[in-house]
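Asks: Just to be clear, the model below is a prediction. Sequence and coordinates:
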Amino acid sequence: QVQLVESGGGLVQAGGSLRLSCATSGRTPSLFAMGWFRQAPGKEREFVAALSGSGRNTNYADSVKGRFTISRDNAKNTTYLQMNSLKPEDTAVYYCAARLSSFSSINSADYGSWGQGTQVTVSS
């Protein structure tokens with residue numbers, strides 16, 4: 001079992017930046033894939049970014065490519081999502097997720113552990 005706790009959300013103006021953190025604890029494999037997903041009001045949860053267990057492979061949704069960066073610090077058991085040039089359409093609850101596999105996935109069903117979510121609000 002892997003426990004995940006997100007932090008770093010908040011209110012920011014369009015064009016601004018935020019960095020989300022996802023701290024992991026519990027039975028944490030040394031190498032597993034991490035993902036970030038988001039859900040806006042009235043919409044389905046959607047993929048944002050993913051990172052393979054090795055850290056060498058990343059995937060991004062087209063809507064965030066070039067603006068968001070996923071990374072991890074294994075020493076701190078923490079995964080990050082750096083979000084730059086934020087837009088009002090980025091407003092959502094952001095969730096981190098862990099997959100007990102070294103291979104990343106853009107499919108939320110492939111992730112077995114989820115955090116509670118952190119709210120990101122971008123004002124225009």
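Replies: Alright, I've got the coordinates. Residues are numbered from 1 along each chain as shown.
Asks: use CA for all of it now, contacts and neighbours both
Replies: Will do.
Asks: any residues touching whichever strand or helix holds Ser21, and which ones?
Replies: Assessed by DSSP states H and E, Ser21 sits inside strand 18-26. The contact list for strand 18-26 (C-alpha atoms under 8 Å, 6 or more residues apart in numbering) reads 1-10, 12, 76-84, 96, 115.
Asks: give me that answer again for 6 Å
Replies: Applying C-alpha atoms under 6 Å, 6 or more residues apart in numbering, the external contacts of strand 18-26 come out as 2-8, 77-83.
Asks: so how far is stretch 22-40 from its chain's centroid?
Replies: On the basis of C-alpha atoms, centre = their mean, to the nearest Å, stretch 22-40 sits 8 Å off its chain's mean C-alpha point.
Asks: Check which residues of that stretch are buried.
Replies: Residues 22-24, 31-40 are the ones in stretch 22-40 that count as buried (16 or more other C-alpha atoms under 10 Å).
Asks: and the two most separated of those?
Replies: Farthest pair in these (C-alpha to C-alpha) is Leu31 and Ala40. Separation: 30.0 Å.
Asks: Now the spatially most central residue of the chain: which helix or strand?
Replies: Note on the chain: the residue nearest the mean C-alpha position is Trp36, at 2.4 Å, using C-alpha atoms, centre = their mean. Using DSSP H and E, Trp36 falls within strand 33-39.
Asks: list the helices and strands that strand packs on?
Replies: Packing contacts for strand 33-39, counted by 3 or more C-alpha pairs under 6 Å, 6 or more residues apart in numbering; DSSP states H and E, involve strand 46-51, strand 92-99.
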